[in-house]
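Trainee: coordinates only, sequence not included:
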């Protein structure tokens, strides 16, 4: 794989040198005769050599595995297919066997001829184990046949890929070289190509969003074919069981998510807001230059660190000093644990956003208020905060969307029991915890228990998206124009 | 209009504050105290967080070792007697355990120490990793068989915990895995200098170990996995991010498409990271059949996640380059593309690099999306990422793990010694993040220009 790239890059460099030389030659060695700088002629050839070849290579690498799998799947006789419980696992088995044979050949335990004559009655598993390839189960005739055709198809595909890619590269090279002439508008062509690359790069953002939405929509649709949507959205029970008969209700998870986020906001908003006011209005320059970076360090700490903090410090402390003495429960992972730690994480988020907004309130408003005899705190409360309110509300909404989507703190701090309860010292769970729970480990992507994670993900995406858009809308709509 | 209305307000002194002024001043003081309290609370939270992690994790960099002469008896380790490593490999670690346990017992007898316990209990003081250590040593150098070597081997996690204050005599009585007699002996051996707790490089270089041997668990594989993923992120996110920013900042016409792109980027910056994990799982693993938990897939997911951060930072630094630079270049006959690539971009580079490093730091600490693409698997082997199977790409073959994911998987294990390991891993992670941020700050200080 790597050498294809190296060869292509070599061809590209070759094209650069050739193109430049030809252009200079056509101008009789006098660069003033050229339309563009000589380098552009070289680049023009390089781009025409590389870009089409690389595009085809990339597409081929994505499409070939999918196509090969489809073709192999179609070859498996129907009666065999029907007695297999799980077609995806069968495909994995075939793929693993095919790769295993390739690895064995590569490591010198098999030669290519023996490999194609492998019979299912010989002990393939032992042979491959010798080469350091572990197979899950003994190999059946059908699987072996399928794996052999998998290998054959892949080999053919790879050969054709090589031929196509290099044919394209050479064609591009030859065409561009032939066209190179002193009057060729090489700079314009190169710049047009670069501009197209820039456009493609910026469209990647759209592509990512589309990818997110499509991948989740697709699997959510599969989920709702297996599980009624009313039961998902309005179900009060979350009891997945892999034997079937699961109850996958969203409400308890949503309740846990919102409860924890509420506590987090109750911690973060007052502290963050007061800290922002103090830093913007009261703190001396020296205090500000020390305190502001220190608080912002909290924003740079990875969430797994907060998660561990909740797990080993905050959780046991809350249990020993609050929950147990008050008789409210004896679980160290609780809504309170996750909420408080998440609140700490959100402090810098609220404070730095609010700080910016408070600072953008013009000084004349403050001066006017002082001139009327108001104290500093009265100015803050009656003039600055009302002026900054839309921005602050926006900051709080963004913090809320952060809290709802946060994963590691709740995975480590909130527990895994889905519960509809008011007691904040009880372990509850959230949407994100369950996404992680349903999708880690060996999952069978045709069961509702795994697919529900995509529906949860889509719900989460829609909620956070709505909050973000709403926040932006509020900020835009109610922004005070001071100029 | 001759007489002024007589003021009915009571007389006030200019020197003494009246009740209302006092109240207002008290409110002012209160408000100021709230603000100060909020700032102090934030700083205290930071300090408590860091001390909790440091307090739990610093001891992970210390490890207890025991050293004594081990007699590698030939009849047990090389029954055939021809020092062929291939044959000797047939002796498993279970064959080595009695050898090192016997040697310990003999050494204690020779030193005149009464262990006060049976051989089995004595052997239980050593790490389960110790036989594997000695076995690897012997297989690497078969000539050692039959000789007596002075080896330094790991002791068990509980004994190690005793020297770090995690295990006490009282807790040992309730613990099935350790007895007070073992602790007494350990104390005795430490006084004799046989047992020593010292700095532990193995924590940084060794791979992970199974749940029953926390003392041998290290971060080596996770650090390498993280490193490869950062390479992928850097190689993809920086060029794509810069290209996208240049287009949006310098070329994009004001139209629907540009608006759509802008809205998308600002939304992607706020999408929960776990959603990117779902995307990676659905697209790269289920649809494209990439290997689960390969560093390439991890890097791709993290790239998509950090792109908005990098784009936002790059656009800000492009915007900070004054228009006069562009106009001067254009005035001298450069094309727009030339003015940007030859003049604006180099001037914006320090800002772009700073933003990139901050994006990388964010990616380095990210856990949730990696859990979904299967990086939690137990990885014992140093992955050979650069080996290319006939039909895989570099970085696509072997599975990897990453630093934050390693922390997560250690928190899921039952042995309390793994809490120490997890906190230690976080210290390593925070040191990396600190270094990256310092580089970013230095870059900014050194190259920042005010126009």
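Mentor: Looks like it arrived, so ask away. Since the model is a prediction, treat every value here as computed from it, not as a measurement.
Trainee: Run through the residues that contact residue A:266.
Mentor: Residue A:266 makes contact with A:339, A:343, according to Cβ atoms under 8 Å, 6 or more residues apart in numbering or on different chains. Heads up, the C-betas are built off the backbone N, CA and C, glycines and all.
Trainee: Quick check: closest non-adjacent residue to residue B:220.
Mentor: residue B:205 (4.6 Å; Cβ to Cβ, 6 or more residues apart in numbering or on different chains).
Trainee: does the one you found really touch residue B:218, like I thought?
Mentor: Yes: contact criterion Cβ atoms under 8 Å: residue B:205 and residue B:218 qualify, at 6.1 Å.
Trainee: Can you pick out the residue with more neighbours from these two?
Mentor: residue B:218 (22 against 13; other Cβ atoms under 10 Å in any protein chain shown).
Trainee: Tell me the backbone dihedrals of that one, please.
Mentor: Per-residue torsions, residue B:218: phi -130, psi -180 (degrees, to the nearest 10).
Trainee: which ones are touching it?
Mentor: Going by Cβ under 8 Å, 6+ apart, residue B:218 touches B:202-209.
Trainee: Which ones among those residues map onto helices?
Mentor: Counting by DSSP state H, those place B:202-205 in helices.
Trainee: Name the nearest residue to whichever residue of the stretch 1-150 of chain B sits closest to chain A, ignoring sequence neighbours.
Mentor: The stretch 1-150 of chain B approaches chain A most closely through residue B:35 (2.9 Å), counting by Cβ to the nearest Cβ. Spatial nearest neighbour of residue B:35, excluding adjacent residues (Cβ to Cβ, 6+ apart): residue A:278 at 2.9 Å.
Trainee: and that neighbour, what pLDDT?
Mentor: Among the per-residue scores, residue A:278 shows a pLDDT of 93.
Trainee: Which parts of the chain belong to which domain?
Mentor: Picked chain A for this. For chain A, automatic domain parsing gives the domain ranges A:2-184, A:238-478.
Trainee: That was the other one, I meant chain B.
Mentor: B:62-200, B:220-447.
Trainee: Would you tell me which one of those is buried the most?
Mentor: Of all the domains of chain B, domain B:220-447 has the most neighbours on average by mean count of other Cβ atoms under 10 Å in any protein chain shown, namely a mean of 20.
Trainee: hang on, the earlier thing: assign the residue of the stretch 1-150 of chain B closest to chain A to helix, strand or coil.
Mentor: Following DSSP: H, G, I helix; E, B strand; the rest coil, the label given to residue B:35 is helix.
Trainee: Now do it: how many residues are near it, please.
Mentor: 23.
Trainee: what's the pLDDT at the nearest residue to residue B:415 once chain neighbours are set aside?
Mentor: Once flanking residues are discounted, residue B:415 sits nearest to residue B:214: 5.1 Å by Cβ to Cβ, 6+ apart. For residue B:214, the pLDDT comes out at 81.
Trainee: Residue ranges in the stretch 201-350 of chain A under the pLDDT threshold?
Mentor: For the stretch 201-350 of chain A, the stretches with pLDDT under 70 are A:242-244.
Trainee: Chain A contacts on the stretch 51-200 of chain B?
Mentor: Neighbours of chain A within the stretch 51-200 of chain B, by Cβ under 8 Å from any Cβ of the partner chain: B:52-53, B:56.
Trainee: 10 Å instead?
Mentor: Applying Cβ under 10 Å from any Cβ of the partner chain, we find that the stretch 51-200 of chain B lies next to chain A at B:51-53, B:55-57.
Trainee: Kindly indicate which of those residues lies nearest residue A:189.
Mentor: residue B:53 (56.4 Å; Cβ to Cβ).
Trainee: ok, and for the helix or strand harbouring the closest one, which residues are buried?
Mentor: Counting by DSSP states H and E, the element that carries residue B:53 is helix B:19-57. Residues of helix B:19-57 classed as buried: B:31-32, B:34-39, B:41-43, B:45-46, B:49-50, B:52-53, B:56-57 (neighbour count, 16 or more other Cβ atoms under 10 Å in any protein chain shown).
Trainee: Now do it: which elements does it pack against?
Mentor: Helices and strands touching helix B:19-57, by 3 or more Cβ pairs under 10 Å, 6 or more residues apart in numbering or on different chains; DSSP states H and E, are helix A:251-277, helix A:285-300, helix A:303-309, helix A:335-359, helix A:376-379, helix B:417-447.
Trainee: Out of those helices, flag the one nearest residue A:167.
Mentor: Using Cβ to Cβ, the helices and strands packed on helix B:19-57 put helix B:417-447 closest to residue A:167, at 44.5 Å.
Trainee: So which elements touch the closest one?
Mentor: Using 3+ Cβ pairs under 10 Å, 6+ apart: helix B:417-447 touches helix A:285-300, helix A:303-309, helix B:19-57, helix B:157-163, helix B:202-205, helix B:220-246, helix B:345-364, helix B:403-411.
Trainee: give the contact list for the residue lying closest to residue A:267 once chain neighbours are set aside.
Mentor: Once flanking residues are discounted, residue A:267 sits nearest to residue A:343: 2.6 Å by Cβ to Cβ, 6+ apart. Residues counted as contacts of residue A:343 (Cβ atoms under 10 Å, 6 or more residues apart in numbering or on different chains) are A:260-261, A:263-272, A:350, A:399, A:403, B:45.
Trainee: Of those - the most surrounded one?
Mentor: Using other Cβ under 10 Å as the neighbour criterion, residue A:260 leads the contacts of residue A:343 with 32 neighbours.
Trainee: which stretches of the stretch 151-300 of chain B form strands?
Mentor: Per DSSP state E, counting those that start in this stretch, the stretch 151-300 of chain B carries strands over the ranges B:195-199.
Trainee: what does the stretch 1-150 of chain A put close to chain B?
Mentor: A:1-3, A:5, A:36-37, A:61-66, A:68-69, A:88, A:91-92, A:95, A:98-99, A:102-103, A:105-106.
Trainee: of the residues you listed, buried ones?
Mentor: Neighbour counting by 16+ other Cβ under 10 Å classes A:36-37, A:64-65, A:68-69, A:91, A:95, A:98-99, A:102-103, A:105 among the residues of the stretch 1-150 of chain A next to chain B as buried.
Trainee: quick one: least confident of those residues?
Mentor: Comparing those by pLDDT, residue A:103 comes last, at 72.
Trainee: Just give the nearest non-adjacent residue to residue B:153, would you?
Mentor: In space, and not counting its chain neighbours, residue B:153 is closest to residue B:130: 4.1 Å by Cβ to Cβ, 6+ apart.
Trainee: ok, now residue A:75?
Mentor: Once flanking residues are discounted, residue A:75 sits nearest to residue A:149: 5.9 Å by Cβ to Cβ, 6+ apart.
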